[in-house]
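Q: pasting a predicted model and its sequence here:
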Amino acid sequence: MNLLKSRLRDFMLSGIYNSVEERIAYANDKGLSYMEFLELLLEDEVNNRRANGYKKRYAKAKFPYYKTMEDFDYGFQPSIDKRVINDCATCQFIAEKKNIVFVGNPGTGKTHLSIAIGIKALTKGYKVLFTSVSEMLQNLHLSKADNSFYQKLKHYLAADLLILDELGFKKMPGHSADDFFDVISKRYEKGSVIITSNKGFEQWADIFADSVLSSAIIDRIAHHSAVIKINGQSYRTKNLKKKGGDSQ
């Protein structure tokens, strides 16, 4: 057994390595054929590699926290059509290189839904990257100082799904607007984007301070995009009200 496990380790078959003793006992107990025994071992290896792949992709996604579709309170946000969200969760939009834009006030669940869709994408084998817009633009700007801009830009282009959180909280300087356009234009029809924003398209000119550039960005995002507007109240305000009510 030690020699067998040593060989399995050398061949990096960790799924089989971890289960081979239990599988041998199970095969003997059930009288499995060689073919059935081999199928079990291969299934263990596939499942192990799939789990390890998910863990690696999840770590690289850089989610700020873990959120799922099941955790979302549709009852508190009745403006959201659950069928539309469920359609997004199939991740067909990623295969079709399309985009999603969540628009709503702070605290209405835009980030929650974007992360939940991102996690669904991970389970389907897609590469995902989450970042706030301000963090991405700061990283791109700083990378120009050491001539690593194109390497950093490639980082934001590599994922199948790029989630850009909190567009519109700050007005962008000209150089940041240019960098944002670079990311969006290079991902256009090549990779999907989810954007969360507190402003609708008609207000994006205020974000970029350049109507021409704003129109070019909107054109590339909206061309293949589902826009989901959330008109409800803030979850954080809801929780504050609960605490206030409890204290009375």
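A: Yep, it's here.

Q: what's next to stretch 45-61, contact-wise?
A: For stretch 45-61, contacts defined as C-beta atoms under 8 Å, 6 or more residues apart in numbering pick out 13-16, 18, 118-119, 122-123, 125-130. In this view, the C-beta of every residue, glycine as well, is placed from N, C-alpha and C.

Q: same question for stretch 192-201.
A: 93-94, 97-106, 110-111, 114, 117-118, 160-169, 184, 187, 204, 206-207, 218, 221-222, 227, 229.

Q: in it, what's buried?
A: 192, 193, 194, 195, 196, 197, 198, 201 (16 or more other C-beta atoms under 10 Å).

Q: how about stretch 45-62?
A: Buried residues in stretch 45-62 (16+ other C-beta under 10 Å): 45, 48, 57, 58, 61.

Q: same question for that stretch, mean pLDDT?
A: The pLDDT scores in stretch 45-62 average 94.

Q: next: stretch 108-121.
A: On average, stretch 108-121 scores 97.

Q: sorry, back to before: could I have the ChimeraX command that selects the buried members from the contacts of stretch 45-61?
A: The buried subset of these, as determined by 16+ other C-beta under 10 Å, is captured in ChimeraX by this line:
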select :13,15,16,118,119,122,126,127,128,129,130
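
Q: cross the contacts of stretch 45-61 against strands and list the overlap.
A: 128, 129, 130 (DSSP state E).

Q: TSV for those, including distance to residue 85?
A: Shown next, in TSV, are the ones in strands among the contacts of stretch 45-61 (distance: C-beta to C-beta, whole Å):
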residue	distance to residue 85
128	17
129	21
130	18
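
Q: between these, which is nearest residue 141?
A: residue 129 (18.0 Å; C-beta to C-beta).

Q: beta partners of that closest one?
A: Beta-bridge pairing for residue 129 (DSSP bridges): residue 162.

Q: check contacts around residue 118.
A: 61, 63, 128, 130, 161, 163, 194.

Q: skip ahead from the host helix or strand of the last one and say which helix or strand is next.
A: Yep, that's residue 194 we're talking about. Element membership for residue 194 (DSSP states H and E) is strand 192-197. As assigned by DSSP H and E, the chain's next helix or strand after strand 192-197 is helix 204-208.

Q: please report how far residue 75 lies from residue 235.
A: According to C-beta to C-beta, to the nearest Å, residue 75 stands 12 Å off from residue 235.
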